[in-house]
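Chemist: Could you work out the structure for the sequence below:
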Amino acid sequence: MRERSRVRASELLGRNWLNTGGEQLSLEKLRGKVVLLDFWTFCCINCLHVLDELRPLEEKYSDVLVTVGVHSPKFEHEADPDALAAAVERYEIHHPVLDDPELVTWQAYAARAWPTLVVVDPEGYIAANLSGEGHADGLGRLIEELVQEHEAKGTLHRGDGPYVPSPPQSGDLRFPGKIAALADGTYLVGDSGHHRITHLAADASTLLGSFGSGEKGYADGGADSAQFNEPQGILPLPAEVAEKAGYDVLVADTVNHRLRGLNTATGDVTTVAGNGVQRLIQDPGAAAREAANLAELNPVEVALSSPWDLVWSRKLGKAVVAMAGTHQIFAFDPVAQAVELLAGTGNEGLVDGPADRSWFAQTSGLAEDVAGNVWLADSETSALRVLRIAEDGAVTVETALGVGLFDFGYRDGEASEARAQHPLGVTVLPDGSVAFADTYNGAVRRYEPESKTVSTLARGLAEPSDVLLEATEGEPHLLVVETNKHEVVRVPLPKEALTVDEGAAATQRPRTPFAAGTLPLTVRFAAPKGQKLDDRWGDPTQLKISASPEDFLVSGSGTSTGLERTLELNPDHAEGVLHITARAAACDGEPGGEIPDHAACHLYQQDWGIPVRIVPDGEGEGELVLDLRGVN
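Modeler: Numbers count the residues shown, from 1 in each chain. Down below sits the predicted model:
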């Protein structure tokens, strides 16, 4: 690890503060506390994981630690102050949040990825830079060290922090997510903000009852005692499958990283897949060391990661699961009680082709068409995609709408030129076209496979997160879950759709200037105190590198061990994006010693998308240094 001089933390600048009772905070006001800056954006599943990782630390160290969420938006909609305020409430964030829509503080701290964590010591100096998830254990040890050091120096001030809660929303629904129709014409809704499944009448508004206690947590049991944690997808099972499985509804219990079985007749809730431990993408060596193939494991022993939506595949005879947290598509067989990986390498992005080579980006909506294809709302690439399932079960991936991780907008017309913004829900209409909830554009859009065109069915909605064809006769209507209005609304299918063109956009992050030719890359990683690199099976670190466009890199792409690489940038391109994934495995143990039997082990991983512009020799930065876990 290269040493760096002590660096004073930059001031916290932005548009406004939330969760402070109107007080405008500064680092000077926080002096004497350990300050943890969490650079996040509310679209990002990894950022949501980190919010949950930090909660125990915030509770344990409440008198010495102040977490500050620095909200640095990726999408245009996320810069809306009302949308941010709703997200802060929805995700039950109990620390101050700085609204940084112009990325002023993001740039001051040279953040390059969501999430990024920066630890500031009680004297106002940067103690650590970390990227990605899985840092809670190491953060706890670092906080202990800082507390001991600064208590001895007299520079630690104990006491309450500046968090001031806002009044919560109330009503039958609170930030609902997904909706599903039951055979009797009533509906189930993932009442995510109330941590329960709500049963609505055929009018999709009258409350008939609910399943779950309404308290966030995890517990199997009856309708009043079972606990969920921000449930999303809901799948009524085919009758013959339900009879064999012993439950008739499958639930994606998203933040619990589990699939739950719900018997709507008895109200009983059981866990049918997931051990509650968030799944991380393993390196090839670790994957090879797994005890057995996923399909051969007891599903309740399998680690899942933020399952977000569900659909039944008639061709596969299984439930298809959008595993948003690992950017993959899984399958679950309720009868055989087996989990399997269906598509996706785990890399975040937009790559079509055979299932085992495809890339997804936080898939959040699923629907099956009459031909047995499964349509996907791929939220982080603002894309509509489809799994083509052959009769023999082979799966290929195609993109109907969408360009990449940093491209979005609101444009109808030819699908190749059309743009969306973070869609979350999808349904198939009677004419074979596909309607999707274009969440951050506040719209319901339609894709017509025959003409390959996109149009708008409805707009002016408050973060619609799901859309479903109403199960009634007569004029067709859509049921739309308006998450930020806490309701389900009926929207008529218009005889003529709208054509909207508000343009295409891209995530406005500054491009890093580099000269064409050789570029040294270093990813800093220091194992937390009490841990050592897990070198029992060779080098436990890994870099995977690619670029957009692909030939932006002349050399240096590919996967290999180690956290240093020499890249060569193509002078024929004015700009491009470097895609970098770094991984490191560490276990409890002392450096230089043996790793004890049954030691706890940790996989640290982060994906970066680094926008780059090519500049003349001598004008750009001479190296690219990233922090997976850099401690000063």
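Chemist: drop to CA atoms for contacts and neighbour counts, all remaining ones
Modeler: Fine.
Chemist: OK, contacts around the closest residue to Y247 other than its chain neighbours?
Modeler: Leaving aside its chain neighbours, Y247 sits nearest to N263 (4.4 Å; criterion: Cα to Cα, 6 or more residues apart in numbering). By Cα atoms under 8 Å, 6 or more residues apart in numbering, the contact list for N263 reads G246, Y247, D248, V249, V269.
Chemist: Please check those and keep the buried ones.
Modeler: Applying 16 or more other Cα atoms under 10 Å to the contacts of N263, the neighbour count classes Y247, D248, V249, V269 as buried.
Chemist: Now do the contacts for the second one.
Modeler: For D248, the contact set (Cα under 8 Å, 6+ apart) comprises P236, L237, P238, A239, V241, A242, G261, L262, N263, T264.
Chemist: Only alpha carbons, please: show stretch 147-164 as PDB.
Modeler: Extracted C-alpha coordinates of stretch 147-164, given in PDB (Å, rounded to 0.1, in the frame of the first residue of the first chain):
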ATOM      1  CA  VAL A 147     -12.100   6.700  19.100                       C
ATOM      2  CA  GLN A 148      -9.200   5.300  21.200                       C
ATOM      3  CA  GLU A 149      -6.700   7.600  19.500                       C
ATOM      4  CA  HIS A 150      -8.700  10.800  19.800                       C
ATOM      5  CA  GLU A 151     -10.100  10.100  23.200                       C
ATOM      6  CA  ALA A 152      -6.500   9.900  24.400                       C
ATOM      7  CA  LYS A 153      -5.700  13.200  22.700                       C
ATOM      8  CA  GLY A 154      -8.800  14.900  24.000                       C
ATOM      9  CA  THR A 155     -10.100  15.600  20.500                       C
ATOM     10  CA  LEU A 156     -13.100  13.300  20.700                       C
ATOM     11  CA  HIS A 157     -16.500  14.800  21.700                       C
ATOM     12  CA  ARG A 158     -19.200  12.400  22.800                       C
ATOM     13  CA  GLY A 159     -22.900  13.200  22.600                       C
ATOM     14  CA  ASP A 160     -25.900  13.200  20.200                       C
ATOM     15  CA  GLY A 161     -25.400  14.000  16.600                       C
ATOM     16  CA  PRO A 162     -27.300  16.500  14.400                       C
ATOM     17  CA  TYR A 163     -30.000  14.100  13.000                       C
ATOM     18  CA  VAL A 164     -33.500  15.400  13.200                       C
END
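Chemist: what's the offset of that stretch from the middle of its chain?
Modeler: 33 Å (Cα atoms, centre = their mean, to the nearest Å).
Chemist: same deal with stretch 190-206?
Modeler: Per Cα atoms, centre = their mean, the centroid offset for stretch 190-206 relative to its chain is 24 Å.
Chemist: Tell me which helix or strand comes right after the helix or strand hosting V320.
Modeler: Assigned by DSSP states H and E, V320 falls within strand 318-323. The element immediately downstream of strand 318-323 (helix or strand, assigned by DSSP H and E) is strand 328-333.
Chemist: Partner strands of that following strand and their direction?
Modeler: Strand 328-333 sits in its sheet next to strand 318-323 (antiparallel), strand 338-343 (antiparallel), going by DSSP bridges.
Chemist: what does the last one rub up against?
Modeler: By that I understand strand 338-343. 273, 294-299, 302, 328-333, 355-358, 395.
Chemist: Out of the helices and strands in this structure, which is least certain?
Modeler: Of all the helices and strands that make up the chain, helix 284-288 has the lowest average by mean pLDDT, DSSP states H and E, namely a mean of 37.
Chemist: remind me which residues of the stretch 451-600 of the chain are low pLDDT?
Modeler: Applying pLDDT under 70 to the stretch 451-600 of the chain picks out residues 471.
Chemist: Sketch out the low-pLDDT regions of this protein for me.
Modeler: The model of the chain has pLDDT under 70 over residues 1-5, 280-296, 471.
Chemist: Could you point out the longest helix of it?
Modeler: Using DSSP state H, we find that the single longest helix of the chain is helix 136-153.
Chemist: Need the contact partners of the helix or strand just after that one.
Modeler: Once the chain leaves helix 136-153, the next helix or strand it forms, by DSSP H and E, is strand 179-181. Defining contact as Cα under 8 Å, 6+ apart, one finds that strand 179-181 is touched by 187-190, 233-236, 466-468, 471, 481.
Chemist: repeat for stretch 250-258
Modeler: 217-218, 228-237, 259-262, 271-278, 303-310.
Chemist: Run the chain-centre distance for that stretch.
Modeler: 14 Å.
Chemist: Using CSV, write out every CA atom in it.
Modeler: Taking C-alpha atoms only, stretch 250-258 is exported to CSV below (Å, rounded to 0.1, in the frame of the first residue of the first chain):
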residue,chain,number,x,y,z
LEU,A,250,-44.1,-16.3,-3.9
VAL,A,251,-42.7,-13.0,-2.5
ALA,A,252,-39.4,-11.3,-3.3
ASP,A,253,-38.4,-10.2,0.2
THR,A,254,-35.9,-7.8,-1.2
VAL,A,255,-33.9,-6.4,1.8
ASN,A,256,-34.0,-9.7,3.6
HIS,A,257,-32.3,-11.3,0.5
ARG,A,258,-34.9,-14.1,0.6
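Chemist: which SSE is L13 in?
Modeler: Counting by DSSP H and E, L13 is found in no helix or strand.
Chemist: What does it show for phi and psi?
Modeler: Main-chain dihedrals, L13, degrees, to the nearest 10: phi -120, psi 140.
Chemist: who does the longest helix of the chain touch, helix- and strand-wise?
Modeler: Applying 3 or more Cα pairs under 8 Å, 6 or more residues apart in numbering; DSSP states H and E, we find helix 136-153 packed against strand 34-40, helix 45-60.
Chemist: and among these, the most buried is which?
Modeler: Greatest average neighbour count among the helices and strands packed on helix 136-153 goes to strand 34-40 (a mean of 25), per mean count of other Cα atoms under 10 Å.
Chemist: Residues contacting that strand, please?
Modeler: 47, 64-73, 106, 111, 114-122, 143, 146-147.
Chemist: go again using 6 Å as the cut-off
Modeler: The contact list for strand 34-40, computed with Cα atoms under 6 Å, 6 or more residues apart in numbering, reads 47, 65-72, 114-122.
Chemist: out of the buried ones among the contacts of N263, what pair is the most spread apart?
Modeler: The most widely separated members of those are D248 and V269, with 10.6 Å between them, by Cα to Cα.
Chemist: Of the buried ones among the contacts of N263, just say which sits nearest to T518.
Modeler: V249 (55.6 Å).
Chemist: Would you check how far apart that closest one and E470 are?
Modeler: With distances taken as Cα to Cα, to the nearest Å, V249 is found 19 Å from E470.
Chemist: so who does G124 touch?
Modeler: Contact analysis of G124 by Cα under 6 Å, 6+ apart lists A9.
Chemist: And A242, by the same measure?
Modeler: Taking Cα under 6 Å, 6+ apart as the test, what A242 contacts is D248.
Chemist: rerun at 10 Å
Modeler: Counting by Cα atoms under 10 Å, 6 or more residues apart in numbering, A242 makes contact with P236, D248, V249, L250, G261, N263, P334, V335.
Chemist: Now it: which helix or strand?
Modeler: Going by DSSP H and E, A242 is in helix 239-245.
Chemist: So which bits of that helix are buried?
Modeler: By 16+ other Cα under 10 Å, the buried positions in helix 239-245 come out as V241, A242, A245.
Chemist: With stretch 23-37 instead?
Modeler: Buried residues in stretch 23-37, counted by 16+ other Cα under 10 Å: Q24, L25, L27, L30, R31, G32, K33, V34, V35, L36, L37.
Chemist: isn't N373 right up against A367?
Modeler: Yes - the pair N373 and A367 passes the contact test of Cα atoms under 10 Å, sitting 8.3 Å apart.
Chemist: okay, now the residue lying closest to A383 once chain neighbours are set aside: neighbour count?
Modeler: In space, and not counting its chain neighbours, A383 is closest to G402: 4.1 Å by Cα to Cα, 6+ apart. By other Cα atoms under 10 Å, the residues close to G402 number 25.
Chemist: was I right about G402 contacting V386?
Modeler: No - judged on Cα under 10 Å, G402 makes no contact with V386 at a distance of 11.8 Å.
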